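Chemist: return atomic coordinates for the entry below.
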Amino acid sequence: MIADIIDDNVDRIRIDIINLGLTYEPLVDDVLDHLCCMVEENMENGDSFENSYAKAFISIGDNRLPELQHQTLLLLNKKHQKMKKLTYFLGLASAIILLFGAISKHMHWPGAGIELTLGLLVIILGFLPLYLIVTYREQTDKKSIIYPVVAYLTIAFLLTAAVFRIQHWPAARIVTTIGLAILIIGFVPLYIVNAFQKARKGKVNPAYIILLLVGVAIIALMFNVRFGKEALDTYRNEAILNESRIFETEHQIQLIIDSAIENEHKALDEIQEIHAEAENLQKMIDEMLDKLLASVNEEGSSLEELRKMDYEGAGRDVIVKSGWARDFITSARKFRNNLTEIVDDPVTVNQIQDHLEFTGSVWFMEFGPEEVIYDPVIKIYYKHTDVSKGIALAEYVAISSLMDSE
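Modeler: All right, here's what the predicted structure looks like:
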């Protein structure tokens, strides 16, 4: 009796299932069989067919069947499953590479930078794109693709900024700024809108949004705090040591010059020429450093008294826009060339080139606009005391060699 009633209504049940959005015939048959069993069970408990059918139909839900069909088709899609496995593999591989890179960095082993860079590149170019594609395909109710694209760009730029900072590459600040801009202007508003859309039928929990904003603030703070107090103190201490070494070296230089004058050394003219050039370079550095401190209202302060060590941006006007960097490196390279022409001893020439290494490609890597503009005051100060020390040492070995050449 019950079976006959159900058989009479099979076509009706099938049509209702199809009207819910099911189109995959094997799944339609499975759901139909499941519903019929549920109806039969309810009818055996004394319910009428209509009541039994209504209860069974409500239990499967209006939205669950299309989602079930979507997930079933994805499980049967071999290409999608291969992509999903590749996504997990790349995620695991990148995590392992980053772990080894972090350990190597901590232990100061060679190749740490390469490992960290490779791990982040695998995430940016491999794992993240595939993960977003797989996740988007698995959504039953596909929304605008803008949200996953913005999410990808945000993570990609922030991770790229991390790579640039770890490797100390130029433009790290620019990449970081772009990443934070996309995060604050793009991702956060989209996330908030998406959160409210999901909560249309329920109460919005503001805690999630507050936590998101706090997280954004922390990320922005972490990227903006480039140097901790320990690093700033290290730069200051090294600058103080450099100044002490410069003072001692210049004292030795003066003794050599005095001796050359007293003995009317045959290389006196060359020694005085070298000293005049070196003195001019030292004067350029001293005047620039005075202007650097004045730009942060620390004029006349000693390194021990310097308070605004972490102030960034002072190098933009004092070094780059003023043209000082261009004028200085031109004079420094001329000084290097003159020394290597005057001095004949190849060992001394190599020493001069080592002391004046900053006049080569290192200048653009360490003293170029991208670095100087965003360096804190104390780092700029330290770098140029290091340059000043190199000039003094180069002058010392050059005139010492000339004095010994008689």
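
Chemist: after the helix ranked longest in the chain, next one along is what?
Modeler: Ordering each helix of the chain by length in residues (DSSP state H) puts helix 229-262 first. Helices and strands here follow DSSP states H and E; after helix 229-262, the next one along the chain is helix 268-295.

Chemist: other SSEs contacting the following helix or strand past that following helix?
Modeler: The element immediately downstream of helix 268-295 (helix or strand, assigned by DSSP H and E) is helix 314-315. Helices and strands touching helix 314-315, as assessed by 3 or more Cβ pairs under 8 Å, 6 or more residues apart in numbering; DSSP states H and E, comprise helix 268-295, helix 377-404. All C-beta spots, glycine's among them, are computed from the backbone N, C-alpha and C.

Chemist: not counting sequence-adjacent ones, nearest residue to Leu393?
Modeler: Here the nearest residue to Leu393 in space, its sequence neighbours aside, is His355; by Cβ to Cβ, 6 or more residues apart in numbering that works out to 4.4 Å.

Chemist: do Leu158 as well
Modeler: The shortest distance from Leu158 to any residue that is not its chain neighbour, by Cβ to Cβ, 6+ apart, is 4.2 Å, and that residue is Gly179.

Chemist: average model confidence for the helix or strand harbouring that neighbour?
Modeler: Assignment of secondary structure by DSSP H and E places Gly179 within helix 172-181. The pLDDT scores in helix 172-181 average 80.

Chemist: packing partners for that helix?
Modeler: Secondary elements touching helix 172-181 (3+ Cβ pairs under 8 Å, 6+ apart): helix 146-167, helix 206-224.

Chemist: quick one: the very next helix or strand once past it to helix 146-167, angle?
Modeler: Along the chain past helix 172-181, the next helix or strand (assigned with DSSP H and E) turns out to be helix 188-198. Between helix 188-198 and helix 146-167, the angle formed by their directions is 140 degrees, by axes from the mean of the first three to the mean of the last three Cα atoms, to 10 degrees.

Chemist: buried residues in helix 188-198?
Modeler: When neighbours are counted by 16 or more other Cβ atoms under 10 Å, the buried residues of helix 188-198 are found to be 188, 190-191.

Chemist: so how far is stretch 385-396 off the chain centroid?
Modeler: Taking the mean C-alpha point of stretch 385-396 and that of its whole chain, the gap between them comes to 34 Å (Cα atoms, centre = their mean, to the nearest Å).

Chemist: check what contacts it and list those residues.
Modeler: 238-239, 242-243, 245-246, 249-250, 252-253, 256, 274-275, 278, 281-282, 285, 289, 332, 335-336, 339, 351-352, 355-358, 367 (Cβ atoms under 8 Å, 6 or more residues apart in numbering).

Chemist: now do stretch 129-148: distance from first to last residue.
Modeler: Counting by Cα to Cα, to the nearest Å, the length from the leading to the trailing residue of stretch 129-148 is 9 Å.

Chemist: which parts of it are buried?
Modeler: Applying a neighbour-count criterion of 16+ other Cβ under 10 Å, the buried positions in stretch 129-148 are 129-134, 147-148.

Chemist: ok, the closest residue in space to Asn194 that isn't next to it in sequence to Leu125 distance?
Modeler: In space, and not counting its chain neighbours, Asn194 is closest to Tyr147: 6.3 Å by Cβ to Cβ, 6+ apart. As judged by Cβ to Cβ, to the nearest Å, Tyr147 and Leu125 stand 21 Å apart.

Chemist: chain center to stretch 339-357: distance?
Modeler: 39 Å.

Chemist: in the chain, which helix or strand is least confident?
Modeler: When each helix and strand of the chain is scored by mean pLDDT, DSSP states H and E, helix 206-224 comes last, with a mean of 56.

Chemist: so Leu98: helix, strand or coil?
Modeler: Here Leu98 is recorded as helix under DSSP: H, G, I helix; E, B strand; the rest coil.

Chemist: distance between the ends of stretch 286-305?
Modeler: 18 Å.

Chemist: buried stuff in it?
Modeler: Of the residues in stretch 286-305, those with enough neighbours to count as buried (16+ other Cβ under 10 Å) are 288-289, 291-293, 295-296, 298, 303.

Chemist: and those as CSV, adding distance to Met309?
Modeler: Putting the buried residues of stretch 286-305 into CSV (distance: Cβ to Cβ, whole Å) gives the following:
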residue, distance to Met309
Met288, 17
Leu289, 14
Lys291, 17
Leu292, 12
Leu293, 11
Ser295, 14
Val296, 9
Glu298, 9
Leu303, 9
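
Chemist: ok, of these, which one's closest to Ser104?
Modeler: Leu303 (34.5 Å; Cβ to Cβ).

Chemist: for that closest one, give me its contacts.
Modeler: When contacts are counted by Cβ under 8 Å, 6+ apart, Leu303 is found next to 236, 239-240, 243, 381.

Chemist: hmm, 7 Å instead?
Modeler: For Leu303, the contacting residues are 236, 239-240, by Cβ atoms under 7 Å, 6 or more residues apart in numbering.

Chemist: any idea how far it is from Ile319?
Modeler: Looking at Leu303 against Ile319, where the rule is Cβ to Cβ, the gap reads 18 Å.

Chemist: just Leu232 next, same as before
Modeler: The value you get for Leu232 to Ile319, if Cβ to Cβ is used, is 19 Å.

Chemist: those two: which has the busier surroundings?
Modeler: Ile319 (23 against 18; other Cβ atoms under 10 Å).

Chemist: show me what contacts the more buried one?
Modeler: 288, 325, 372.

Chemist: how about the second one, phi and psi?
Modeler: So the one you mean is Ala325. phi -60, psi -40 (degrees, to the nearest 10).

Chemist: how many neighbouring residues does it have?
Modeler: Based on other Cβ under 10 Å, the number of other residues close to Ala325 is 20.
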